[in-house]
Every structure is written in C-alpha cells, then in structure tokens.
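Peer 1: Pasted the sequence and its predicted model underneath.
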Amino acid sequence: MNRVDTTAFSTHALTRRCPEPAAPGPVGRAWRRCWTALVVALLSLLLAAPVTAAEPEVRQNELRRLADGVQLSVRLTLEPSLAVEDALLKGVPVYFAWQADIVRERWYWTDKRISTATRTLRLAYQPLTRRWRVSQSTDGGASASGLQYALHQNFDSLNEALAGISRVANWQVAEPGRLEEGVKYLAQWRFRLERSLLPRPFQIGVANQPGWLVEVERSLEVPARNEPDGAPAAAEAR
C-alpha cells in the first residue's frame, strides 16, 4: 500500500490566514464620524463652560463694635433649587454654613486673622409631621456625624425654615478685648451650602450642578473704636 504524506496538507491548513473583517460601508463611517464629533463637542462645552455659584441677595449687612465685642447682622434672600428641594423631600438633610473672620490688614505680609466664628445649620424634612427642622451647631465638625447641635427649631414651611437659616442677628464674631483701639480691621463673612457634609453619593453627583452651588461673601470695615450705646450700626460693605 502506498504511503500517504499529510505534512503539506496540515501545514497549509495551520498557516492559512483568517479572512479580514469587512470594512464598514460609507453609511457606517458617516455615523461613526457624526457620533465622534458630537461627543467631542459635548465634552468641550462641559469643560469650557464655567460653573458659577448662585449668590443669594443681601438684604441686610451690618457690623457693630461694642464694649461686648464685634457683632454681625446679615439677612439674605435664599430660595432652593428644584434639585435641593427634591432631595430634602426624599429625606436627605442639607447643610448650610456661616463663617466670619476678623483680620488685620498688613501691607508687608498677608492679613493676620484675629478671630473666627462659625455656624453650621442642618435642614431636614420630617415626613410624619410634615414640618421642617433646623438644627444649629457652632463647632466645625469635619463630617456631618461629628457635629454637635445646641439648638433645634421646627418650621411649618420650607420658606420659613430658609428664612431662619439665611439670617444672623447680633452674632458675636469677636470677643471683647481682642481688637486694639485705632487699628484698622476687616470683617469678612461667608455663607454657603456646605456640599462636603452631604452623603457621599450626593457629593459625587452634585459636584458641578449649579442648583447645589450656593455661596455669597462680603467684607465690612470694623470701626476703629467702640461705638457708644444706641449708636447706629455700620453697614458700609465692600
């Protein structure tokens, strides 16, 4: 019987190339170019468009320097966005923060901070009673769970709760004896929606959403001397 040699057959089968995938047709290439251009355009808009914070209207901005210390009174007009109100109704608490600094201006170096006062407010909706609860903390906790609250207030409506959050009256931002007579000082205050205290998923999701960016700040010159009792408050902001 004749011998059958299978070497040539097997080598040819192993080395044969698989067929190349068919190239996309003109319609497929056109759609691919269209989608690529659209994605690039959207990314360019997101990166180029600046995200600015919504600034509440300042209705009152007064500062007094008395024998009892420096007192600040501010009243804002605060309206929540639909995104913030929706989160509140779903049981997510929202935090607002006040901060006031008294600094001494120095032409030869950075301003020297004399005193700092902070106030954090937690706003939450209570579905069972359909009321809004505002809790106030005067410490600067790094997380929401670390805050210690000293005052609680209940409100019938969201507008009433926000009115209480967005104002401070005769807030002592510097203790007596901290300021020198005849020296120029500046009071700098700031109000903002504190996104860093939100639950972690919200911190990631609302980072660049304008509805969650709420912030306003102002500066006031501190009077050079203590004012007598009954004198009007200073309200010259800059």
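Peer 2: Received, thanks.
Peer 1: and whichever strand or helix holds Leu63, how far out from the chain's middle?
Peer 2: Following DSSP states H and E, one finds Leu63 within strand 57-66. Offset of strand 57-66 from its chain centre (CA atoms, centre = their mean, to the nearest Å): 23 Å.
Peer 1: in the protein, which strand has the most residues?
Peer 2: Taking DSSP state E as the criterion, the chain has its longest strand at strand 112-126.
Peer 1: So what are the sheet partners of the helix or strand following that one and their directions?
Peer 2: Scanning forward in sequence from strand 112-126 by DSSP H and E, the next helix or strand is strand 131-137. Sheet pairing here is set by DSSP bridges, and for strand 131-137 it gives strand 112-126 (antiparallel), strand 151-155 (antiparallel).
Peer 1: For the ones you listed, give me TSV that also has mean pLDDT, mean neighbour count and distance to Leu197.
Peer 2: The C-beta positions use only the backbone N, C-alpha and C, and glycine is treated the same way. Converted to TSV, those look like this (pLDDT from 0 to 100; neighbours: other CB atoms under 10 Å; distance: least, CB to CB, whole Å):
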stretch	mean pLDDT	mean neighbour count	distance to Leu197
strand 112-126	93	17	8
strand 151-155	93	13	17
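Peer 1: wait, which of those is closest to Gln188?
Peer 2: Minimum separation from Gln188 across the strands paired with strand 131-137 (CB to CB) falls at strand 112-126, 9.4 Å.
Peer 1: could you dump that closest one to PDB, C-alpha only?
Peer 2: What follows is strand 112-126, C-alpha atoms only, in PDB (Å, rounded to 0.1, in the frame of the first residue of the first chain):
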ATOM      1  CA  LYS A 112      -3.500  88.500  60.200                       C
ATOM      2  CA  ARG A 113      -6.500  86.600  61.400                       C
ATOM      3  CA  ILE A 114      -7.700  87.900  64.800                       C
ATOM      4  CA  SER A 115     -10.800  85.700  65.400                       C
ATOM      5  CA  THR A 116     -13.100  83.300  63.600                       C
ATOM      6  CA  ALA A 117     -16.700  82.400  64.200                       C
ATOM      7  CA  THR A 118     -18.600  79.500  62.500                       C
ATOM      8  CA  ARG A 119     -22.100  78.300  62.500                       C
ATOM      9  CA  THR A 120     -23.400  75.200  60.700                       C
ATOM     10  CA  LEU A 121     -27.100  74.600  60.200                       C
ATOM     11  CA  ARG A 122     -28.700  71.300  59.300                       C
ATOM     12  CA  LEU A 123     -32.100  71.400  57.400                       C
ATOM     13  CA  ALA A 124     -34.200  68.200  57.200                       C
ATOM     14  CA  TYR A 125     -37.800  67.400  56.400                       C
ATOM     15  CA  GLN A 126     -39.900  65.300  58.700                       C
END
